[in-house]
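Novice: Got a sequence here, can you model it:
(one chain, ligands or ions: 1)
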Amino acid sequence: MNSADTAQHAAPHPAPPVVRARGLTMTYGDTPVLHGVDLDIQRGEVFALLGPNGAGKTTTVEILEGFRRRSGGEVSVLGTDPAHGDDTWRGRIGLVLQSWRDHRRWRVAELLHHFATYYPDPRDPAELLAVVGLTGQAGRLVERLSGGQRRRLDVALGIVGRPELLFLDEPTTGFDPQARHEFHLLVERLARDEGVTVLLTTHDLAEAERLADRIAMLVGGRVRAVGTPAELARRAAARAEVRWTDRDGTPRRERTADPSRLVWELHRDAAGPIPGLEVRRPTLEDTYLHMVHAADRADREGDGHDPATGEHGNGDENESAEVRSA
Ligand SMILES: Nc1ncnc2c1ncn2[C@@H]1O[C@H](COP(=O)(O)OP(=O)(O)OP(=O)(O)O)[C@@H](O)[C@H]1O
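Specialist: Numbers count the residues shown, from 1 in each chain. Below is the predicted model:
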């Protein structure tokens with residue numbers, strides 16, 4: 001959006017994004033892994049960062065958390081450059097890390113009380129244990145918790161300080177389905193009722209689809225697309241699958257960009273109802289796989305083709321900024 005558009009359509013004092021990155025780059029040694037990432041995450045938004053192993057998700061998140069120094073670009077998190085965040089800034093951020101390995105000898109409630117003392121206005125630890133379903137384990141040593149229970153404790157520790165921005169790095173790994181469901185309700189409540197902004201990385205596409213207002217797909221250190229799950233499905237032009245059973249009982253399936261035409265043709269050719277007829281719309285998984293394959297292909301061919309839009313760029317990193325901000 002150009003500045004004239006902004007003046008015309010935006011509120012008089014639009015809130016700045018909670019997370020903003022422009023042209024973020026990262027190089028390990030002489031290996032570049034982020035190639036100019038742009039992100040805008042608004043207050044109260046649940047934002048998921050998806051991408052294959054090695055895409056650069058953790059690197060991006062660690063830079064935003066202030067744990068890793070970037071090589072280049074501009075970054076602002078809660079109005080501060082994370083490279084210069086102080087304790088007050090850190091207190092406004094919640095991290096759900098991959099388990100608190102140094103605290104195995106603590107008891108669950110003790111550890112939560114201890115963490116609560118770091119913050120000016122912490123949540124009540126007993127209430128929080130109930131929220132994450134660990135009341136029955138309050139007196140247990142952390143090292144005696146199951147994997148899923150420890151992950152719930154990670155979540156409790158991440159939100160005890162009432163963070164404005166919560167980073168969730170693969171938060172439900174090891175959760176059973178019910179614990180995952182309860183965790184999703186908790187994240188929805190935090191975002192909806194308390195206006196907490198959430199940045200989630202996950203390999204669970206159903207989780208991203210369920211929780212995220214918007215999703216960014218990061219492949220090979222570039223954001224290939226940003227949008228709601230429905231927008232991404234439309235942009236990726238992933239095809240629907242039509243299933244039916246032939247007159248001789250053979251199950252059939254066909255992928256098509258125009259399912260309504262195929263269904264019409266089937267009806268036109270059939271003498272009566274079509275048994276087993278089913279139209280399956282593209283899922284986020286279809287979209288994801290489509291984009292990852294297309295991005296791999298584009299990178300191999302070096303043609304600047306963007307899988308998110310089907311547009312051809314000039315291979316310039318700035319070109320894909322148009323896609324990202326769309
Ligand atoms: N400390 C490091 N030193 C050198 N290279 C690193 C370092 N950390 C990550 N990398 C490399 O940077 C690239 C991006 O890694 P990163 O961990 O950010 O990816 P990711 O998207 O989080 O992957 P995953 O889904 O597997 O967690 C990978 O090629 C990885 O090998």
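Novice: Residue ranges in the stretch 1-150 of the chain under the pLDDT threshold?
Specialist: 1-13, 97-102 (pLDDT under 70).
Novice: list the contacts for residue 129?
Specialist: By Cβ atoms under 8 Å, 6 or more residues apart in numbering, the contact list for residue 129 reads 108-109, 112, 135, 137-138, 156. The C-beta positions use only the backbone N, C-alpha and C, and glycine is treated the same way.
Novice: please redo it, this time with the cut-off set to 10 Å
Specialist: 108-109, 112, 135-138, 152-153, 156 (Cβ atoms under 10 Å, 6 or more residues apart in numbering).
Novice: looking at this, it is in a helix?
Specialist: Yes. Applying DSSP: H, G, I helix; E, B strand; the rest coil, one finds residue 129 inside a helix.
Novice: Show me what the host helix or strand of residue 154 is packed up against.
Specialist: Residue 154 belongs to helix 147-159 when assigned by DSSP states H and E. Contacts defined by 3 or more Cβ pairs under 10 Å, 6 or more residues apart in numbering; DSSP states H and E place helix 147-159 against strand 93-96, helix 108-116, helix 125-131, strand 165-169, helix 177-194.
Novice: what comes up buried for the third one?
Specialist: Across helix 125-131, burial judged by 16 or more other Cβ atoms under 10 Å covers 125, 128-129, 131.
Novice: Do a quick rundown of the helices in the stretch 201-326 of the chain.
Specialist: For the stretch 201-326 of the chain, applying DSSP state H, counting those that start in this stretch gives helices covering 205-211, 229-236, 259-269, 284-301, 319-325.
Novice: Please name whichever of those helices is nearest to the ligand.
Specialist: helix 284-301 (11.9 Å; Cβ to the nearest ligand atom).
Novice: Quick one: list the elements packing against the closest one.
Specialist: Using 3+ Cβ pairs under 10 Å, 6+ apart, helix 284-301 is in contact with strand 46-50, helix 205-211, strand 214-219, strand 222-227, helix 229-236.
Novice: Any chance of JSON lines for those, columns distance to the ligand?
Specialist: Output for the helices and strands packed on helix 284-301, formatted as JSON lines (distance: least, Cβ to the nearest ligand atom, whole Å):
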{"stretch": "strand 46-50", "distance to the ligand": "8"}
{"stretch": "helix 205-211", "distance to the ligand": "13"}
{"stretch": "strand 214-219", "distance to the ligand": "7"}
{"stretch": "strand 222-227", "distance to the ligand": "12"}
{"stretch": "helix 229-236", "distance to the ligand": "18"}
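Novice: quick check, distance from the helix holding residue 154 to the centre of its chain.
Specialist: 19 Å (Cα atoms, centre = their mean, to the nearest Å).
Novice: same thing with stretch 265-283?
Specialist: For stretch 265-283 - counting by Cα atoms, centre = their mean - the centre lies 35 Å from the chain centre.
Novice: Let's see the distance spanning it from one end to the other.
Specialist: 24 Å (Cα to Cα, to the nearest Å).
Novice: just stretch 62-78 next, same as before
Specialist: 15 Å.
Novice: So which bits of that stretch are buried?
Specialist: Of the residues in stretch 62-78, 62-66, 68, 70, 73, 75-78 count as buried by neighbour count, 16+ other Cβ under 10 Å.
Novice: quick one: which of the residues you listed is nearest residue 15?
Specialist: Distance to residue 15, by Cβ to Cβ, is smallest for residue 78 among those, at 11.6 Å.
Novice: Would you confirm that the closest one contacts residue 86?
Specialist: No. If you go by Cβ atoms under 10 Å, residue 78 and residue 86 don't touch, sitting 11.5 Å apart.
Novice: Quick one: check stretch 278-298 for contact with the ligand.
Specialist: No. Judged by Cβ under 6 Å from any ligand atom, stretch 278-298 stays clear of the ligand, getting no closer than 11.9 Å.
Novice: Up against the ligand, what does this protein have?
Specialist: So the chain meets the ligand at 28, 33, 51, 53-59 (Cβ under 6 Å from any ligand atom).
Novice: Just the buried residues from the residues you listed, in PyMOL please.
Specialist: In PyMOL, this line selects whichever of the residues of the chain next to the ligand come out buried by 16+ other Cβ under 10 Å:
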select buried, resi 33+51+55+56+57+59
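Novice: For the stretch 1-150 of the chain, which segments count as helices?
Specialist: Counting by DSSP H, counting those that start in this stretch, the helices of the stretch 1-150 of the chain are 3-9, 57-65, 87-91, 108-116, 125-131, 147-159.
Novice: tell me the angle the fourth one makes with helix 147-159.
Specialist: Which is helix 108-116. Inter-element angle recorded for helix 108-116 and helix 147-159: 20 degrees (by axes from the mean of the first three to the mean of the last three Cα atoms, to 10 degrees).
Novice: and residue 204, how many neighbours?
Specialist: The local packing of residue 204 (other Cβ atoms under 10 Å) involves 18 other residues.
Novice: before we move on, the earlier item: in TSV: the helices and strands packed on helix 284-301, plus mean neighbour count and distance to residue 301.
Specialist: Formatted as TSV, the helices and strands packed on helix 284-301 follow (neighbours: other Cβ atoms under 10 Å; distance: least, Cβ to Cβ, whole Å):
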stretch	mean neighbour count	distance to residue 301
strand 46-50	26	23
helix 205-211	20	26
strand 214-219	24	15
strand 222-227	24	15
helix 229-236	19	18
